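Engineer: Need coordinates for the below:
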Amino acid sequence: MPKTQARPEIVVLLCDTDVERQRENSKWCHLNGRPFSKDELSRLRRATHAEFEEIEIQLKRYRDYLRSMDEAPDALDQFLAPFWERLAVKRLGNAVELMNEDERAELDHLLGLIVDPVRPFTPYAFCPWAPRRRVPNALVTGSRDRAGI
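Structural biologist: Presented below is the predicted three-dimensional model:
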């Protein structure tokens, strides 16, 4: 038996549901407090198991993202430790000169996690195909003039 696909429009509505408010007063509202329209309620009532499974998957991705944001400073320290050991002058630009392309990409990723503000949960924003923001190269090399800071 083929597995049914989650309908994106239903997933979006379910992700924008204020579950706490619904539990408190049985009123279905958006996260911003606006009540659902009759059409939206009708669509929500037709939600299938596939839509709820998709929300669980997306929320897990979001929790993983939050955890990686929280752990980024420690991960950066651990990542840079071997480079600091090899340097007399411990500057990020000097460490970058010792890195290969993959290590610079990992540094870029870790700095992005530290520099970027935490994004709120939104449907489909944390799927594997979502683009990742890159850190300006001037931040990596330590050139404050080129970074505009």
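Engineer: and stretch 35-50, which residues are buried?
Structural biologist: The neighbour-count check on stretch 35-50 (16 or more other Cβ atoms under 10 Å) flags F36, E40, R43, A47 as buried. Glycine gets a C-beta too; all of them are placed from N, C-alpha and C.
Engineer: before we move on, what about stretch 11-25?
Structural biologist: Applying 16+ other Cβ under 10 Å to stretch 11-25 flags V11, L13, L14, C15, D16, T17, D18, R21 as buried.
Engineer: in this protein, which segments are predicted with low confidence?
Structural biologist: Per-residue confidence for the chain (pLDDT under 70) gives these ranges: 1-3, 128-149.
Engineer: Report the outermost residue of it with respect to its centre.
Structural biologist: The C-alpha centroid of the chain is most remote from A88, which lies 36.0 Å away (Cα atoms, centre = their mean).
Engineer: my read is it is in a helix, agree?
Structural biologist: No: counting by DSSP: H, G, I helix; E, B strand; the rest coil, one finds A88 to be coil, located in no helix.
Engineer: what's the distance between it and L107?
Structural biologist: Going from A88 to L107 by Cβ to Cβ, to the nearest Å gives 20 Å.
Engineer: Can you tell me the closest non-neighbouring residue to the residue most central in space within the chain?
Structural biologist: With the centre of the chain defined as its mean C-alpha position, the nearest residue by Cα atoms, centre = their mean is Y65, 4.5 Å away. Leaving aside its sequence neighbours, Y65 sits nearest to F126 (Cβ to Cβ, 6 or more residues apart in numbering; 5.4 Å).
Engineer: isn't the one you found right next to Q58, touching?
Structural biologist: Yes: at 6.3 Å, F126 and Q58 qualify as touching, with contact defined as Cβ atoms under 8 Å.
Engineer: okay, the strand or helix carrying V12 in PDB with CA atoms only?
Structural biologist: Element membership for V12 (DSSP states H and E) is helix 8-15. This file holds the C-alpha atoms of helix 8-15, laid out as PDB (Å, rounded to 0.1, in the frame of the first residue of the first chain):
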ATOM      1  CA  PRO A   8       2.300  21.300   2.200                       C
ATOM      2  CA  GLU A   9      -0.700  23.600   2.600                       C
ATOM      3  CA  ILE A  10      -2.000  21.500   5.500                       C
ATOM      4  CA  VAL A  11       1.500  21.200   7.100                       C
ATOM      5  CA  VAL A  12       1.900  25.000   6.900                       C
ATOM      6  CA  LEU A  13      -1.500  25.500   8.700                       C
ATOM      7  CA  LEU A  14      -0.600  22.900  11.400                       C
ATOM      8  CA  CYS A  15       2.800  24.500  12.000                       C
END
